[in-house]
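Trainee: Provided below are the primary sequence and the corresponding predicted coordinates.
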Amino acid sequence: MSTESPTAAPRYRIPTWLGWAGLVLLIGAVLAGLGLLGGRALPERLGPPVEELAVERTVLTPDTISITVRNTGPDPVTVAQVFVNDAFVDLSGGEEQIGRMSSATLELNYPWREGQPYLVSMLTSTGLVIEHEIAAAVQTPKPEGSFFGLMVLLGVYVGVIPVLLGMLVLPLARRAGGGVLRLLLAVTVGLLVFLVVDGTTEGLELGRESGGAFGGAELVVLGAALAFLTLTAVDRWLRTRRTRAAEQGASGLRLATMIAAGIGLHNLGEGLAIGSAYAIGELALGAFLVLGFAIHNTTEGVAIVAPLVRERVRLLTLLALGALAGVPAIIGAVLGASVNNAELAALLLGVGVGAIAQVIVQIIPALRAEGHDRADATAVTGVIAGIVVMYLTGLLVTA
């Protein structure tokens, strides 16, 4: 007589994604309850209110100073009075409390004079004085067609034309040997290293000048990290989609595209800084300034065509690469002149830094000579030469 063992009932397993979703919801619910109920169980803070105001934008029109402020502190702020150079002025726009992270525009009736420095002192309802310095008063340009046309022209001068000029080195570079190609790539790495340092320092400086409501230096780091990780993920995805197994590194055109995109992001932040500086009167346009930027940015074109020495590309492709690197300077100049936001400029400069850093990672393996596991003296010399060239041409850029 045969006996059959009873069939075990199948066990129901919760999908993994559902478990993660439930865990996230549970953590969110606990934190929300802690924020709503825990705060009521704690005693109120002792001492006077903590009042902080950050000036985000200053607009000067005839007989009027308009200041946009944001409350970056934990407590509401009420601006009771405003003094300009110790003189009381009529105030409108600050009658109501400014809540945390909220902004308000203060209109000051004051007959300012062009070129003169002014100290704006904002007196809160609790007696705290918050100061803002205007180094040299200059009338804020109106966003008219002629003004935007000037910004577009400036972007073409300092972005598009110099990059295209630098790309003219391609025909001569193709006649040289493989050693020259490695030297060009090494110089490209040097150029990009300088752009990383330059973009980082400029972004950190803009971060310090910003109100800090949404972060200062943190925005530079955040933008750089996001750009670097995003481009790394895209590069890994492209590597998995290659059909030719023999390809171990990045193709010349793809690498040139990544270089152009990284330089374009850098030029976007650079144009943003140029436009905003001109809008508030901190930058004087002139032939020497334009020439300095042109010489400085011409080397960027050399960096773009360096990976294309061994490849044949169409003229339209080269023009597209030049536009990818240079046109963002136009967009940045227009945005900078109209928006004039230091935090946005810092974030975009950080994005450019991260993008260029990822490109450097892509190029470094190509600096090694065949049969060697490290860069030789030629590559090191090229990197140093690129840094020195960018530094020397950067000295020509003066406001």
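Mentor: Thanks, I have it.

Trainee: which residues in this structure form strands?
Mentor: 53-61, 64-71, 79-84, 87-92, 103-109, 118-124, 129-134 (DSSP state E).

Trainee: same for the lengthiest helix in the chain, what does it pack against?
Mentor: Longest helix in the chain by number of residues, with DSSP state H as the criterion: helix 178-209. The elements that helix 178-209 packs onto, with contact taken as 3 or more CB pairs under 8 Å, 6 or more residues apart in numbering; DSSP states H and E, are helix 170-174, helix 217-240, helix 252-279, helix 287-305, helix 342-363, helix 377-394. Backbone N, C-alpha and C define where each C-beta goes, glycine included.

Trainee: pull the helix or strand with minimum mean pLDDT from this structure.
Mentor: Every helix and strand in the chain was compared by mean pLDDT, DSSP states H and E; the lowest is helix 39-41, with a mean of 65.

Trainee: Spit out the contact partners of Ser66.
Mentor: 58-60, 105-108 (CB atoms under 8 Å, 6 or more residues apart in numbering).

Trainee: quick check, nearest of those residues to Thr393?
Mentor: Distances from the contacts of Ser66 to Thr393 were compared by CB to CB; the smallest belongs to Thr58, at 32.3 Å.

Trainee: Distance of Gly301 relative to Thr381?
Mentor: Note on Gly301: its distance to Thr381, by CB to CB, to the nearest Å, is 21 Å.

Trainee: Looking at the two now, which is surrounded by more residues?
Mentor: Shown here are Gly301 and Thr381; by other CB atoms under 10 Å, Gly301 has more neighbours (26 against 15).

Trainee: For the longest helix of the chain, buried residues please.
Mentor: Applying a neighbour-count criterion of 16 or more other CB atoms under 10 Å, one finds 180-196, 198-200, 202-207 buried in helix 178-209.

Trainee: which residues does the spatially closest residue to Gln139 that is not a sequence neighbour contact?
Mentor: Taking CB to CB, 6 or more residues apart in numbering as the measure, Gln139 lies nearest to Leu60, with 5.4 Å between them; neighbours along the chain are not counted. For Leu60, the set of contacting residues under the criterion of CB under 8 Å, 6+ apart consists of 66, 112, 134, 137-140.

Trainee: one more time with 6 Å, if that's ok
Mentor: Listed by CB atoms under 6 Å, 6 or more residues apart in numbering, the contact set of Leu60 reads 137, 139-140.

Trainee: Buried members of these into PyMOL, please.
Mentor: Provided next is the PyMOL selection string for whichever of those are buried by 16+ other CB under 10 Å:
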select buried, resi 137+140
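
Trainee: Leu53 is in contact with Asp75, correct?
Mentor: No. Taking contacts as CB atoms under 6 Å, Asp75 lies outside contact range of Leu53: 11.3 Å.

Trainee: got the contact list for the closest residue to Ile263 other than its chain neighbours?
Mentor: For Ile263, ignoring the flanking residues on the chain, the nearest one in space by CB to CB, 6+ apart is Ala325 at 4.3 Å. When the contact criterion is CB under 6 Å, 6+ apart, the partners of Ala325 are 163, 260, 263-264, 304.

Trainee: now, which of those sits nearest Asp90?
Mentor: Of all those, Asp90 sits closest to Gly264, with 46.3 Å by CB to CB.

Trainee: count of residues packed around Val361?
Mentor: Using other CB under 10 Å, Val361 has 12 other residues around it.

Trainee: again with Ile356
Mentor: Applying other CB under 10 Å, we find 29 other residues in the vicinity of Ile356.

Trainee: Check whether it really touches Leu192, as I assumed.
Mentor: Yes. The pair Ile356 / Leu192 is scored as a contact, 5.0 Å apart, by CB under 6 Å.

Trainee: how close does the nearest residue to Val55 once chain neighbours are set aside get to Ile274?
Mentor: Leaving aside its chain neighbours, Val55 sits nearest to His132 (4.5 Å; criterion: CB to CB, 6+ apart). Between His132 and Ile274 the distance is 23 Å, computed by CB to CB.

Trainee: try Leu181
Mentor: In this structure, Leu181 lies at 34 Å from Ile274, with CB to CB as the measure.

Trainee: what's the answer for Leu53, then?
Mentor: As judged by CB to CB, Leu53 and Ile274 stand 28 Å apart.

Trainee: same thing with Asn85?
Mentor: 30 Å.

Trainee: So those two - more neighbours on which side?
Mentor: Shown here are Asn85 and Ile274; by other CB under 10 Å, Ile274 has more neighbours (28 against 14).

Trainee: where's that one relative to Ala355, distance?
Mentor: Ile274 sits 19 Å away from Ala355 when distances are taken as CB to CB.

Trainee: would you list the contacts of Leu60 in TSV and tack on distance to Leu229 and pLDDT?
Mentor: TSV is the format used below for the contacts of Leu60 (distance: CB to CB, whole Å; pLDDT from 0 to 100):
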residue	distance to Leu229	pLDDT
Ala137	43	84
Gln139	43	80
Thr140	38	77
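
Trainee: Save the contacts of Leu60 as TSV, and put in distance to Ala217 too.
Mentor: Output for those, formatted as TSV (distance: CB to CB, whole Å):
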residue	distance to Ala217
Ala137	29
Gln139	31
Thr140	27
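
Trainee: how far is stretch 98-112 from where the chain is centred?
Mentor: When distances are taken as CA atoms, centre = their mean, to the nearest Å, stretch 98-112 is centred 27 Å away from the chain's centroid.

Trainee: Could you check how many residues crowd around the closest residue to Pro48 other than its chain neighbours?
Mentor: Closest residue in space to Pro48, ignoring its immediate chain neighbours: Thr126 at 6.3 Å, by CB to CB, 6+ apart. For Thr126, the tally of surrounding residues (other CB under 10 Å) stands at 12.

Trainee: With Ala136 instead?
Mentor: Neighbour count for Ala136, taken as other CB under 10 Å: 12.

Trainee: On the pLDDT front, check the closest residue in space to Leu204 that isn't next to it in sequence for me.
Mentor: Spatial nearest neighbour of Leu204, excluding adjacent residues (CB to CB, 6+ apart): Ala217 at 5.1 Å. Looking at Ala217, its pLDDT stands at 76.
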